[in-house]
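Asker: I need the structure of the sequence given here:
(2 chains)
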Number of protein chains: 2
Amino acid sequence: MIDLTGPLRPWSARLAERFARCLAGGARTRSWWRPPAPRGEPELLDRLAELFGSPPERTVVTGGVRQFATSWAVRTGPAAVEAPTFADIPQILGAGLPVRRVPWRELTGGAAGPPGTIWLTSPFRNPDGRSLTAGETEAVGRLAGQGHTVVVNQVYRWFHAAGPAPAAPDGAWTVTSFAKMAGGGLRLGWAVAPRPDAVPRTLTSDGPPTAWQRACAGFLDEATLRALRADCVEPTTEARQAFAARACELTGRGVPGGGLSAVFTCPGSSEAEAVELLARQGLEVSPGSAFGCPAPSVRLAFSGTTAAQAVRAAETMARLRPGFTPTSFP
Amino acid sequence: MIDLTGPLRPWSARLAERFARCLAGGARTRSWWRPPAPRGEPELLDRLAELFGSPPERTVVTGGVRQFATSWAVRTGPAAVEAPTFADIPQILGAGLPVRRVPWRELTGGAAGPPGTIWLTSPFRNPDGRSLTAGETEAVGRLAGQGHTVVVNQVYRWFHAAGPAPAAPDGAWTVTSFAKMAGGGLRLGWAVAPRPDAVPRTLTSDGPPTAWQRACAGFLDEATLRALRADCVEPTTEARQAFAARACELTGRGVPGGGLSAVFTCPGSSEAEAVELLARQGLEVSPGSAFGCPAPSVRLAFSGTTAAQAVRAAETMARLRPGFTPTSFP
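Answerer: Next up, the predicted model:
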């Protein structure tokens, strides 16, 4: 069975050992049993600024995107959440806010609804690997200027070439974490507010423990990021590219988008049948409906496969009829 | 200056070193970069059951009481929050819910308002050290039976004699953390729901990192708890008792309640004047209004003083006119 449901790639033993040493060091820093600074430990904020250009006066350390969403859900007003997207987000926001699921083309086309939260993921939205185009980025920036509070989830930024994430829309919040590179067990993310005074109280008790933050500040440097990319990101990118190249050879159709996943519609069969059909052929995939995809579809994630397995998966899918169509949603 | 504003007591070097070793061990456990189990890592839930009798099927690990309150604030419906109380709680809950501040006597006297959240702290409420009596515990249990969702914050339980916390009202949630014993930097707390199915989704992404949870499971045992009590709890209890004994000798008035703090009304002067008067005498205290105390008052917390300093503080306060009156609020 080839697992295309998106398990985490493991860390190399060398990197794990380096983190263990940093962690023991973090627990030997001064008075680490005190609560972390409300927006994050100063050395971690400095490190995020240095490595990712995150302005310390507008940055707040969080436990991750889910934790950020929980803090966000205490707000009032409606939320327009992109469809499709990672399923946890509308569920968490929906615990506190009225949530409407909206395709990007409606958001950018003026159908964002009354002022409230607009939540979208770029680059490389899960499930379909879509990123905002320059024109869409501008359109979303205009929404932020019209009284909406825009949040751009950049959690898949690691699949972008090394360096800064693509520019977010003007006036938008951004939020990201290391989860899709280094695993959700790190519980380390950060949000950047459009203005220093926009950070609400509920968002400032949210980061991981003091010693953990200090350990992460010591751990994160250019060399560590290169090693994490090599362990956990590049093999996924290579697997997706190998899949896309072989699929294109066999079917003449490109696989749009990027990141760790891709979506395929399955014309002529139900989603459950398609998942079952692929399972019988040795491919374990996720149903598109789990992400709110607007058509019967399957999602493949490449974080648990080798390039060779990805090629075999492309060959298997190309053989099946009715055909699977690579798709990104408007 | 004697600091009676409630700084944390530091850990002993021996205990800090033991934690650093456990932490390095936690970061050498299997696949610790995976997200923690939704309700907490199994070995930590087991340890909480063993040490504190917390039933694993109703327990969820959290980052602490503030983090729990943030997850709670996504609910709907009104919240009646005890007055006085630690100021962060009504602020965090109020970010998402309509919050009314209510004295215990109104809550237990049938003025809890429409069904919603009822939040109170026992044993040893901060600021006034008050605990629910047996009769009040029963009355609050009846509220839980009448459709209210009762949350009892037991974060000061550590000041109770070693062993289980006092019984919570029937049908209530309880939430606690190690913050008031071991410091908020540990970011470790847990909530116990009245029923296994009462734990909402927003509460299950809230615990500290996987390796941290596993390290805490290894760290926490009877010997560690005894050492933490000896380092961080008993000196505070002794300082409060020394203060109370000397104050009673000098003024004939007992200091009600227990825990880490006590409140004194200041008849004949404003709260700001009282804080300033004490500061001029070398005593740094907090204004009662910061906790929502219903009368001009000052709060003394004994977590930053020796017993000898506490005795000096009692002597200083006994000398001042108009007198300070030890108080607990109904």
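
Asker: which helix or which strand is home to A:Gly268?
Answerer: Using DSSP states H and E, A:Gly268 is not contained in any helix or strand.

Asker: tell me the contacts of the closest residue to it other than its chain neighbours?
Answerer: Spatial nearest neighbour of A:Gly268, chain neighbours left out: A:Pro322 (3.6 Å); criterion: CB to CB, 6 or more residues apart in numbering or on different chains. C-beta: built from backbone N, CA, C; applies to glycine. Going by CB atoms under 8 Å, 6 or more residues apart in numbering or on different chains, A:Pro322 touches A:266-269.

Asker: equivalent analysis for A:Asp221, please.
Answerer: Neighbours of A:Asp221 in contact, by CB under 8 Å, 6+ apart: A:47, A:51.

Asker: look up the pLDDT of it for me, please.
Answerer: A:Asp221 is assigned a predicted lDDT (pLDDT) of 96.

Asker: please list all residues in contact with A:Pro196.
Answerer: A:57-58.

Asker: so what's it scoring on pLDDT?
Answerer: Looking at A:Pro196, its pLDDT is 94.

Asker: just A:Asp206 next, same as before
Answerer: Value for A:Asp206, per-residue pLDDT: 80.

Asker: and if you look at the one 5 residues further on?
Answerer: For A:Ala211, the pLDDT comes out at 97.

Asker: that one - how many residues pack around it?
Answerer: When neighbours are defined as other CB atoms under 10 Å in any protein chain shown, A:Ala211 has 29 of them.

Asker: list the contacts of it.
Answerer: Contacts of A:Ala211 by CB under 8 Å, 6+ apart are A:23, A:26-27, A:29, A:32, B:23, B:185.

Asker: could you redo the last one with a cut-off of 10 Å?
Answerer: Applying CB atoms under 10 Å, 6 or more residues apart in numbering or on different chains, we find A:Ala211 in contact with A:23-29, A:31-33, A:36, A:41, B:16, B:19-20, B:23, B:185-187, B:212, B:215.

Asker: counting only helices, which of these make the cut?
Answerer: If you go by DSSP state H, these have A:23-26, B:16, B:19-20, B:23, B:212, B:215 in helices.

Asker: okay, the residues you listed in JSON lines with neighbour count next?
Answerer: Putting the ones in helices among the contacts of A:Ala211 into JSON lines (neighbours: other CB atoms under 10 Å in any protein chain shown) gives the following:
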{"residue": "A:Leu23", "neighbour count": "29"}
{"residue": "A:Ala24", "neighbour count": "21"}
{"residue": "A:Gly25", "neighbour count": "17"}
{"residue": "A:Gly26", "neighbour count": "24"}
{"residue": "B:Ala16", "neighbour count": "19"}
{"residue": "B:Phe19", "neighbour count": "23"}
{"residue": "B:Ala20", "neighbour count": "21"}
{"residue": "B:Leu23", "neighbour count": "29"}
{"residue": "B:Trp212", "neighbour count": "30"}
{"residue": "B:Ala215", "neighbour count": "32"}
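
Asker: ok, back up a step: who wins on neighbours among the contacts of A:Pro322?
Answerer: Going by other CB under 10 Å, A:Cys266 tops these with 23 neighbours.

Asker: how about that residue: what's its closest non-neighbour residue?
Answerer: Once flanking residues are discounted, A:Cys266 sits nearest to A:Ala274: 3.8 Å by CB to CB, 6+ apart.

Asker: A:Thr149 too?
Answerer: Nearest one to A:Thr149, counting by CB to CB, 6+ apart, is A:Thr117 at 5.2 Å.

Asker: ok, that neighbour touching A:Ala80?
Answerer: Yes - the pair A:Thr117 / A:Ala80 is scored as a contact, 7.1 Å apart, by CB atoms under 10 Å.

Asker: between those two, which contacts overlap?
Answerer: Counting by CB under 10 Å, 6+ apart, the residues touching both A:Thr117 and A:Ala80 are A:99, A:148, A:150.

Asker: for these, which one is nearest chain B?
Answerer: The shortest gap between chain B and any of these belongs to A:Val99, at 11.8 Å (CB to the nearest CB).

Asker: what is the neighbour count of that closest one?
Answerer: 21.

Asker: again, but for A:Pro55
Answerer: Residues lying near A:Pro55 (other CB under 10 Å) number 12.

Asker: spell out which residues make up each domain of chain A.
Answerer: A:2-8+A:224-327, A:13-221 (automatic domain parsing).

Asker: out of those, nearest to B:Val61?
Answerer: Closest approach to B:Val61 among the domains of chain A (CB to CB): domain A:13-221, 12.0 Å.

Asker: how far is the closest one from where the chain is centred?
Answerer: The chain centre lies 9 Å from the centre of domain A:13-221; the measure is CA atoms, centre = their mean, to the nearest Å.

Asker: which phi and psi does the closest residue to A:Gly40 other than its chain neighbours have?
Answerer: Closest residue in space to A:Gly40, ignoring its immediate chain neighbours: A:Val61 at 2.9 Å, by CB to CB, 6+ apart. Dihedral pair for A:Val61: phi -80, psi 140, per degrees, to the nearest 10.

Asker: wait, A:Val61 sits on A:Thr204?
Answerer: Yes - if you go by CB under 10 Å, A:Val61 and A:Thr204 touch, sitting 9.2 Å apart.

Asker: give me the more crowded residue out of these two.
Answerer: For A:Val61 versus A:Thr204, neighbours defined as other CB under 10 Å are more numerous around A:Val61 (25 against 19).

Asker: residue contacts, that one?
Answerer: A:36-41, A:44-45, A:48, A:54, A:188-191, A:203-204, A:206-208, A:213, A:216.

Asker: send the alpha carbons of the biggest helix by length in chain A over as CSV?
Answerer: What stands out as the longest helix in chain A, according to DSSP H, is helix A:234-251. Output of helix A:234-251 as CSV, limited to C-alpha atoms (Å, rounded to 0.1, in the frame of the first residue of the first chain):
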residue,chain,number,x,y,z
GLU,A,234,12.4,18.3,-0.4
PRO,A,235,11.5,14.6,-0.6
THR,A,236,7.8,15.6,-0.7
THR,A,237,8.4,18.2,-3.4
GLU,A,238,10.4,15.6,-5.4
ALA,A,239,7.7,13.0,-5.0
ARG,A,240,5.0,15.5,-6.2
GLN,A,241,7.1,16.5,-9.1
ALA,A,242,7.9,12.9,-10.1
PHE,A,243,4.2,12.1,-9.9
ALA,A,244,3.3,15.2,-12.0
ALA,A,245,5.9,14.5,-14.7
ARG,A,246,4.9,10.8,-15.1
ALA,A,247,1.2,11.7,-15.1
CYS,A,248,1.8,14.3,-17.8
GLU,A,249,3.8,11.8,-19.9
LEU,A,250,1.0,9.3,-19.7
THR,A,251,-2.1,11.4,-19.9
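
Asker: and A:Pro36, how far from chain B?
Answerer: 7 Å (CB to the nearest CB, to the nearest Å).

Asker: same check on A:Leu300?
Answerer: A:Leu300 is 21 Å from chain B, by CB to the nearest CB.

Asker: name the helix or strand for that residue, please.
Answerer: Secondary structure (DSSP H and E) places A:Leu300 in strand A:297-301.

Asker: tilt between that strand and helix A:234-251?
Answerer: Compare the direction of strand A:297-301 with that of helix A:234-251 by axes from the mean of the first three to the mean of the last three CA atoms, to 10 degrees and you get 140 degrees.

Asker: how far does strand A:297-301 sit from its chain's centre?
Answerer: Relative to its chain's centre, strand A:297-301 lies at 16 Å (CA atoms, centre = their mean).

Asker: okay, and for the stretch 101-250 of chain A, where does confidence drop off?
Answerer: Low-confidence segments of the stretch 101-250 of chain A (pLDDT under 70): A:162-163.

Asker: what does it put close to chain B?
Answerer: For the stretch 101-250 of chain A, the residues in contact with chain B (CB under 10 Å from any CB of the partner chain) are A:178-179, A:182-188, A:200-216, A:232.
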